[in-house]
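A.B. asks: have a look at this fold, sequence not included:
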């Protein structure tokens, strides 16, 4: 497979990542030949509908896939030279939370309800940096201030249930950045929040990313979030990355028919009322049973015979996108 | 066309000063919906928007007569405050509801044919098998589903969007005048959400079905609504024709909501527009005066003293604010 995307200063390099799940009904394909590169300071959105493999990909990066997941032999995930697939658990543990941090959709389940937020905030710093209780606590207060929590000296002894949803997500973000990670993965981190709070959290993530020079992978189904808060977008469907490119070009000149259809299916505020929206026929069938061609084939208006059996090699468009398609829209 | 229909017939739903109270434990009751007024003209769709906890769904439950409420409510010619239990039962087919999760709304062990026919049987509208089959087929066609390939299948054989269309088919089977949609497309993926929105818009055009469309997504509301009401902590802040409210918002909260919408366009988002501060207070102890004042960028001492009443700012556009923009 070609590796058009790999740059010299890449932080994360994913090659030929194929993930199978063992299920009672047999093997199911969750990720299919995924190629992805994230460089330092990059802000990449992974966009896709449910079942597209976004979350499996983020778990694979963190090496926290469930036990029934199996990676193909040729799969490789390298984070700054560290092999995230074959390294021993001890090495991986030193990476997780320290160099790669992750925030999830529901802040209430990410926090332990029986422990104060201070205790949870200090845990990572004490584990990775060996800080004393006192030093960790004073740093925790600083972190809470950094993520915009007022009266952090008081808040630090509160429990998760005493905070609002937006506040809890701020605490989770403070935990994620406590060990100064080089890569932050936000998996639908603002999906459960109200719109007014969502923008506050996204603004916070953006400013922290800039001030701390973190790379960001933003996993989302919301094209509006991707458009406004990332520099690059990878579009996933059925476990495959169909198109990767600059955010501007993905929105202005989508190449793969799926990306185009997705953009036309979204209602926009500036559209006329009762505007007819484009629909995509058929339904997504997550988890194929075998590695074949493009998984969008059966719903694709431009599908050809080859699409069923062969997955197109990565091609670079003049507009800069890297795509996998035999019959692109333009 | 819409205008003439509205002028000649009474509204399908008219609500005045609707209040819904809940009691938690032994504490004194608090108002989840604190005196709201809504009107849905015949054939029109009213979008009800607001953040979680503002009382949108409670309003829907009150309209569906699934919770106790006080105030005035008229559904067509019927005064819902004084309606008898038997009359209400006979009226239920007139107002139908679809929910957020279409898959849990369909019995997984029944075929679509059984699901549809039981709707007719329960409401006493099952005359002959032939007639019932024809009605089911017509309803399925209205939502864009092929009866021949649909009827013998089970719900799990359909996508979320198709299941939601089946729920709509089941609802319109009884020829309702009002369809209440509570976050009906929120759980759907982009590609199938469009199918459901197109069906709802199609029903509006082909039959005079009125809709109460509840959503937190303003772009979705814009797509289906003729009128929009913005709700905050149990009160209506702003109401009026959809195009006007969404393009020239007058209430600071509506402005904050619109400023938070992330359009799927590059370089459109303008983060300098004043937005809401902090989080919504608890409905258990709402702020005095205007309920939005604790988050409002324009709040003045007066806002804490008195509750602003809804006033017209031109035509049907009404705003409940002392200092509208």
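C.D. replies: Right, received. Where do you want to start? These numbers were taken from a predicted model, which means no experiment stands behind them.

A.B. asks: okay, CA-based contacts and neighbour counts for the rest of this
C.D. replies: Noted.

A.B. asks: which pLDDT value goes with residue 284?
C.D. replies: Went with chain A since none was named. Residue A:284 is assigned 76 on the pLDDT scale.

A.B. asks: please refer instead to chain B.
C.D. replies: On pLDDT, residue B:284 comes in at 83.

A.B. asks: one more: residue B:272?
C.D. replies: 53.

A.B. asks: and stretch A:122-136, how far from the chain's centre?
C.D. replies: Computed by C-alpha atoms, centre = their mean, to the nearest Å, the chain-centroid distance of stretch A:122-136 equals 27 Å.

A.B. asks: my bad, stretch B:146-162
C.D. replies: Mean-position distance between stretch B:146-162 and its chain equals 26 Å (C-alpha atoms, centre = their mean).

A.B. asks: and stretch A:54-70, by the same measure?
C.D. replies: Chain-centre distance of stretch A:54-70: 12 Å, with C-alpha atoms, centre = their mean.

A.B. asks: check stretch B:318-325 too.
C.D. replies: The chain centroid and the centroid of stretch B:318-325 are separated by 23 Å, computed with C-alpha atoms, centre = their mean.

A.B. asks: list the buried residues for it?
C.D. replies: Residues of stretch B:318-325 classed as buried: B:318, B:319, B:320, B:321, B:322 (neighbour count, 16 or more other C-alpha atoms under 10 Å in any protein chain shown).

A.B. asks: out of those residues, who's nearest residue A:158?
C.D. replies: Checking the buried residues of stretch B:318-325 against residue A:158 by C-alpha to C-alpha gives residue B:321 as the nearest, at 35.8 Å.

A.B. asks: pLDDT on stretch B:190-205, on average?
C.D. replies: In this model, stretch B:190-205 has a mean pLDDT of 91.

A.B. asks: give the buried residues for it.
C.D. replies: In terms of neighbour count (16+ other C-alpha under 10 Å), stretch B:190-205 has its buried residues at B:190-204.

A.B. asks: what's the span of stretch A:123-134 from first residue to last?
C.D. replies: Its first and final residues considered, stretch A:123-134 spans 12 Å by C-alpha to C-alpha, to the nearest Å.

A.B. asks: residues in contact with that stretch: which ones?
C.D. replies: Residues outside stretch A:123-134 that contact it (C-alpha atoms under 8 Å, 6 or more residues apart in numbering or on different chains) are A:94, A:97, A:98, A:122, A:136, A:175, A:178, A:179.

A.B. asks: which one of the buried residues of stretch B:318-325 is nearest to residue B:226?
C.D. replies: residue B:318 (14.8 Å).

A.B. asks: the closest one pairs with what?
C.D. replies: Taking DSSP bridges, one obtains residue B:239, residue B:312 as the residues bridged to residue B:318.

A.B. asks: what separation do you get for residue B:40 and residue B:65?
C.D. replies: As for residue B:40, its distance to residue B:65 is 17 Å (criterion: C-alpha to C-alpha).

A.B. asks: do the same with residue A:90
C.D. replies: For residue A:90 relative to residue B:65 (C-alpha to C-alpha), the value is 59 Å.

A.B. asks: the residue in the stretch 1-150 of chain A that chain B sits nearest to: what secondary structure?
C.D. replies: Using C-alpha to the nearest C-alpha, the single residue of the stretch 1-150 of chain A nearest to chain B is residue A:49, 5.8 Å away. Put simply, residue A:49 is coil when judged by DSSP: H, G, I helix; E, B strand; the rest coil.

A.B. asks: which pLDDT value goes with it?
C.D. replies: Looking at residue A:49, its pLDDT is 89.

A.B. asks: test my guess that it contacts residue A:222.
C.D. replies: No - the pair residue A:49 / residue A:222 is not scored as a contact, 9.0 Å apart, by C-alpha atoms under 8 Å.

A.B. asks: so which residues of the chain form helices?
C.D. replies: As the question left the chain open, I've gone with chain A. For chain A, the helices defined by DSSP state H cover A:54-62, A:89-95, A:107-110, A:117-129, A:133-146, A:152-155, A:165-177, A:195-212, A:223-229, A:247-252, A:257-264, A:305-309.

A.B. asks: oops, chain B please
C.D. replies: For chain B, the helices defined by DSSP H cover B:2-8, B:56-63, B:85-91, B:112-122, B:129-142, B:147-150, B:160-172, B:190-206, B:218-224, B:242-247, B:252-259, B:301-305.
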